[in-house]
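Engineer: The following comprises the amino acid sequence and a computationally predicted model.
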Amino acid sequence: MTEIQLDDEWIRRFTPGPAGSTPLVCFPHAGGSASYFRPFAQELKDRNQVLAVQYPGRQDRMHHRCLNRIDEFADAAFTALEPLLKEPVAFFGHSMGAVIAFEVAHRMRERLGTAPVTLFVSGRRAPSKDRQSTIHLLDDDGLVEVLRSSSGTDARILEDKDVLRMILPPLRADYTAVETWRDDPSRPILDCPVVTLFGEDDETVTSEEAAAWVDHTTGPFTLEAFEGGHFYLADRFGAVADTVAHALNG
């Protein structure tokens, strides 16, 4: 089978996966990049093809304009992925990435009349469980403290001023996007299976807020809790890969 050609600015391919396996598209968190999911791809390499979205403003896209609206992220990601979306495909989004994956799934329904075979949303409260948050309004020192407290960034990076100059602008833009986003309750809800995953010690999402994703689909719903905080994934890629593979492959 000829490999589907995708926008190589936006999409990174990590593993081809077995022939005929369902591709899994991963959407990173605020301040994150496609490479975050490389260990995840290795865990799934014998079970599923893994791709990841590379947002502008970071790593090899450092000189591209940062986006600060979820609609911009979702529209661009949908366009980049569209050739793939005509076949069965699954989405996995962590934190801000869960919101973008959710919005891309809605664009699939509205524009193609299809949906992901499964939508995995990780480390993010349901759209109906909004919290007011203004991290994007903090000064640079405040943003660094957010990074430090979340334990998702190597502490050595936080002491390197040159690196901080590179990572803080996209981080602020990402937080602006996700903190100003609101779901549109007037549109039809999704009908695809949704699997919600969260860390038991994650202060950004409670079990109740995670469970409320059930209200955003008419399809099957599963809730999975893992040991750890907001970035539980970093220590649980193997267990999460098993959950994903079970949902996609049985």
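Structural biologist: Looks like it came in fine. Numbers count the residues shown, from 1 in each chain.

Engineer: from the middle of its chain, how far away would stretch 58-71 be?
Structural biologist: Its chain's C-alpha centre lies 15 Å from the corresponding centre of stretch 58-71 when counted by C-alpha atoms, centre = their mean, to the nearest Å.

Engineer: quick one: terminal-to-terminal distance for that stretch?
Structural biologist: One end of stretch 58-71 sits 19 Å from the other (C-alpha to C-alpha, to the nearest Å).

Engineer: Stretch 57-64 now?
Structural biologist: For stretch 57-64, the first-to-last residue distance is 5 Å (C-alpha to C-alpha).

Engineer: what mean pLDDT does that stretch have?
Structural biologist: Across stretch 57-64, the average pLDDT comes to 92.

Engineer: Check stretch 221-240 too.
Structural biologist: Stretch 221-240 shows a mean pLDDT of 95.

Engineer: Buried residues in it, which are they?
Structural biologist: Neighbour-count burial for stretch 221-240 flags Thr222, Phe226, Gly228, Gly229, His230, Phe231, Tyr232, Leu233, Arg236, Phe237, Ala239, Val240 (criterion: 16 or more other C-beta atoms under 10 Å). All C-beta spots, glycine's among them, are computed from the backbone N, C-alpha and C.

Engineer: try stretch 172-189
Structural biologist: Arg172, Ala173, Asp174, Tyr175, Thr176, Ala177, Val178, Glu179, Trp181, Asp183.

Engineer: Next: stretch 91-110.
Structural biologist: Residues of stretch 91-110 classed as buried by neighbour count (16+ other C-beta under 10 Å): 91-109.

Engineer: Identify the residues contacting Ala173.
Structural biologist: Neighbouring residues of Ala173 by C-beta atoms under 8 Å, 6 or more residues apart in numbering: Gly57, Cys66, Leu67, Asn68, His136.

Engineer: related to what we said a few turns ago, could the buried residues of stretch 172-189 go into CSV alongside secondary structure, distance to Glu208 and pLDDT?
Structural biologist: As requested, the buried residues of stretch 172-189 are exported to CSV (DSSP: H, G, I helix; E, B strand; the rest coil; distance: C-beta to C-beta, whole Å; pLDDT from 0 to 100):
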residue, secondary structure, distance to Glu208, pLDDT
Arg172, helix, 29, 93
Ala173, helix, 30, 95
Asp174, helix, 25, 95
Tyr175, helix, 23, 93
Thr176, helix, 27, 95
Ala177, helix, 25, 97
Val178, helix, 20, 95
Glu179, helix, 21, 95
Trp181, coil, 20, 97
Asp183, coil, 17, 96
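
Engineer: re earlier: so which of the contacts of Ala173 wins on neighbours?
Structural biologist: Using other C-beta atoms under 10 Å as the neighbour criterion, Gly57 leads the contacts of Ala173 with 22 neighbours.

Engineer: Just the element for that one, please.
Structural biologist: Assigned by DSSP states H and E, Gly57 belongs to neither a helix nor a strand.

Engineer: Which secondary structure elements does the helix or strand of the chain with the lowest mean pLDDT sit against?
Structural biologist: None of the helices or strands of the chain scores lower by mean pLDDT, DSSP states H and E than helix 140-150, at a mean of 80. Here helix 140-150 touches helix 161-180, going by 3 or more C-beta pairs under 8 Å, 6 or more residues apart in numbering; DSSP states H and E.
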